[in-house]
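Participant: Sharing a model that was predicted from the sequence below.
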Amino acid sequence: MDILEEQRKYFKTGETLSVNYRINALIKLKESILNNIEDLVEAFKSDYNKEEFDVYSTEVGLVLNELNYMIKHVKRLAKPKRVRTSLMNLPSKGYIYKEPYGNVLIVSPWNYPFQLTMMPLIGAIATGNTVYIKCSRNTPMVSKVIERILSVFDNKYIYVMENTKENMKNLFDLKFDYIFYTGSTKIAKELMEKQAKYLTPMTLELGGKSPCIIDKDADLKKCARRVVWGKYLNAGQTCVAPDYILIHKDVKREFIKYVLQDVQDFYYENGSLKESFTHVINESSLNVLLSLIDKEKVIFGGKVANNTLEPTIIDDVSFTDEIMKEEIFGPIMPLIEYSNIDEVIEYLKELEKPLALYCFTKNKQVEKKILNNLSFGGGCINDTIMYLTEEKLPFGGVGYSGMGSYHGKKSFETFSHQKSILKKHPSLELTMKYPPYNQKKKNFLKFYFRIK
């Protein structure tokens, strides 16, 4: 592709390496976003009926927060870091230089198309890369606004790819210096396979079935409120949504009572689902979701109108049910009851590592068992979703839920190579390493490395 070649040439000029250049680019990006917010809100409404408040809170707000962080801290983050060196290299100094990879590909998904394009883009700009962007075809109106926002930059610096079948067909065969992909595990495997010939480093932000454990001593009223919000945010189309609920049998009935109350308070008016409830992205996804619903186990919801699946709750679910085989990615809440937390932990150990895990408990021992025995990307104790809003907490998966992480300082580290430099004195040094080797040198070496 000609654009990619232009980006390679532009990067080699060194213009993007200037810290002032990066800061100015981040400021320009911020201004362009602010100039297009109204169009962005309308685009989300058009693509899948996303409410204005949710556009601000889950898309624009997080992006502006990340921009403000980078604009403020990029000078400090870009400075070479001085590190102590050992006696073996006396006299010397150690430095870690952060250099951009070069030409970065960002592939973003449809569920949070603005946030999950802009957040990695901010990191790539802050570290001095050029960027090639592939947006989702499932949100065409949002993609158009993103393209308009980024039109303030030359294509040789930041480019939004035209979403044609031909471009997409060849995209993963092209050579990039770094790839940041957010999407499905299936496509991530194909991407890795095609990029193996280039040994391309990459960050993969995927998903999986993120469990939510509710212990018998949880504050059920608060717990239900936080779970309902996290589950049905964006109509459940959130990679870190609580996928299914593991609820202690002694408190299940009471928990359901609060959940039903909160669902009505949040999403219904005069007995009808509010028109502002987010749509399922398309008919294909809706049909998949409907195929997962066991009507005999539905205790609330399950109805559909105009690509809107109402908040649905399914009780008495088992791990062998169809709905437990794949990530749900929709407004369906399965309830699985348990009686022994140790058995739950042992079972979860056998599953693929999820992107997120949530636990509601006041019991420190239960909390400790879960954190020490289960591997997952990240999560919350006594909340859902909100850990990813903290810029000081890296966000990312592990195993089948992804590799690498970003946000805040971690984004700067993700999009830059850490180049280590040992700076020796031009003439002074310890001569220990040079032959011939005598007993005195051997004794010192054994002492230094604590060899008995």
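Facilitator: Ah, there it is. What you see is a predicted model, and the numbers here were worked out from it, not measured in a lab.

Participant: In the chain, where is pLDDT below threshold?
Facilitator: Counting by pLDDT under 70, the ranges of the chain that qualify are 1.

Participant: Domains in it, by residue range?
Facilitator: Domains of the chain are assigned by automatic domain parsing as 2-206+404-418, 211-392.

Participant: I'd like those domains as CSV, with mean neighbour count and distance to Lys433 appended.
Facilitator: Heads up, the C-betas are built off the backbone N, CA and C, glycines and all. Shown next, in CSV, are those (neighbours: other CB atoms under 10 Å; distance: least, CB to CB, whole Å):
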stretch, mean neighbour count, distance to Lys433
domain 2-206+404-418, 18, 8
domain 211-392, 18, 41
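
Participant: need those in CSV with distance to Gln439, can you?
Facilitator: Shown next, in CSV, are those (distance: least, CB to CB, whole Å):
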stretch, distance to Gln439
domain 2-206+404-418, 19
domain 211-392, 48
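
Participant: Pro426 is nearest to which of the ones you listed?
Facilitator: For the domains of the chain, the distance to Pro426 is smallest for domain 2-206+404-418, at 10.2 Å, taking CB to CB.

Participant: how far out from the middle of the chain is the closest one?
Facilitator: Centre-to-centre, domain 2-206+404-418 and its host chain are 13 Å apart (CA atoms, centre = their mean, to the nearest Å).

Participant: Do me a favour and get the end-to-end distance for it?
Facilitator: Chord length of domain 2-206+404-418, first to last residue, is 30 Å (CA to CA, to the nearest Å).

Participant: Which of the three states applies to Lys423?
Facilitator: Assigned by DSSP: H, G, I helix; E, B strand; the rest coil, the conformation of Lys423 is strand.

Participant: swap in the one 10 residues further on?
Facilitator: Taking three-state DSSP as the rule, one finds Lys433 in the coil state.

Participant: do the same with Ile245
Facilitator: Going by three-state DSSP: Ile245 is strand.

Participant: I'd like to check which residues are in contact with it.
Facilitator: Contact partners of Ile245, counting by CB atoms under 8 Å, 6 or more residues apart in numbering, are Pro211, Cys212, Ile214, Val227, Met333, Pro334, Leu335, Ile336.

Participant: hmm, 7 Å instead?
Facilitator: Residues counted as contacts of Ile245 (CB atoms under 7 Å, 6 or more residues apart in numbering) are Cys212, Ile214, Val227, Met333, Pro334, Leu335, Ile336.

Participant: Mind checking which of those are in strands?
Facilitator: Judged by DSSP state E, strands contain the following of the contacts of Ile245: Cys212, Ile214, Met333, Pro334, Leu335, Ile336.

Participant: My guess is the first one contacts Ile247. True?
Facilitator: No - under the contact definition of CB atoms under 7 Å, Cys212 does not touch Ile247, with a separation of 8.7 Å.

Participant: Would you check the distance separating the strand or helix carrying Asn443 from the middle of the chain?
Facilitator: Taking DSSP states H and E as the definition, Asn443 sits inside helix 439-448. The chain centre lies 49 Å from the centre of helix 439-448; the measure is CA atoms, centre = their mean.

Participant: follow-up on the earlier one: and which of the contacts of Ile245 is nearest Gly236?
Facilitator: Checking the contacts of Ile245 against Gly236 with CB to CB, the nearest one is Met333 at 8.2 Å.

Participant: If the closest one is in a bridge, with which residues?
Facilitator: With DSSP bridges applied, Met333 shows beta-bridge pairing to Ile313.

Participant: ok, so what distance separates it from Ile245?
Facilitator: As judged by CB to CB, to the nearest Å, Met333 and Ile245 stand 6 Å apart.

Participant: Can you list the neighbours in contact with the host helix or strand of Val55?
Facilitator: Per DSSP H and E, Val55 falls inside helix 52-55. With contact meaning CB under 7 Å, 6+ apart, helix 52-55 is reached by Leu40, Val41, Phe44, Asn234.

Participant: Same question for stretch 306-319.
Facilitator: Here stretch 306-319 makes contact (CB under 7 Å, 6+ apart) with 232, 259, 263, 267, 273, 277, 279-280, 283, 286, 289, 293-294, 297-303, 323-324, 330-336.

Participant: Kindly recompute the last result at 6 Å.
Facilitator: Taking contacts as CB atoms under 6 Å, 6 or more residues apart in numbering, the residues outside stretch 306-319 that touch it are 232, 263, 267, 273, 277, 279-280, 286, 289, 297-303, 331-336.

Participant: what does stretch 58-66 give?
Facilitator: Residues outside stretch 58-66 that contact it (CB under 6 Å, 6+ apart): Phe114, Gln115, Met118, Met119, Ile122.

Participant: how about the fourth one, what does it touch?
Facilitator: So the one you mean is Met119. Residues counted as contacts of Met119 (CB under 6 Å, 6+ apart) are Glu66.

Participant: helix, strand or coil for it?
Facilitator: Put simply, Met119 is helix when judged by three-state DSSP.

Participant: Could you check how far it is from Phe180?
Facilitator: Note on Met119: its distance to Phe180, by CB to CB, is 9 Å.

Participant: any idea which element the nearest residue to Lys423 once chain neighbours are set aside lies in?
Facilitator: Of all residues not flanking Lys423 in the chain, Lys93 sits nearest, at 4.6 Å (CB to CB, 6 or more residues apart in numbering). Secondary-structure element containing Lys93, defined by DSSP H and E: strand 92-100.
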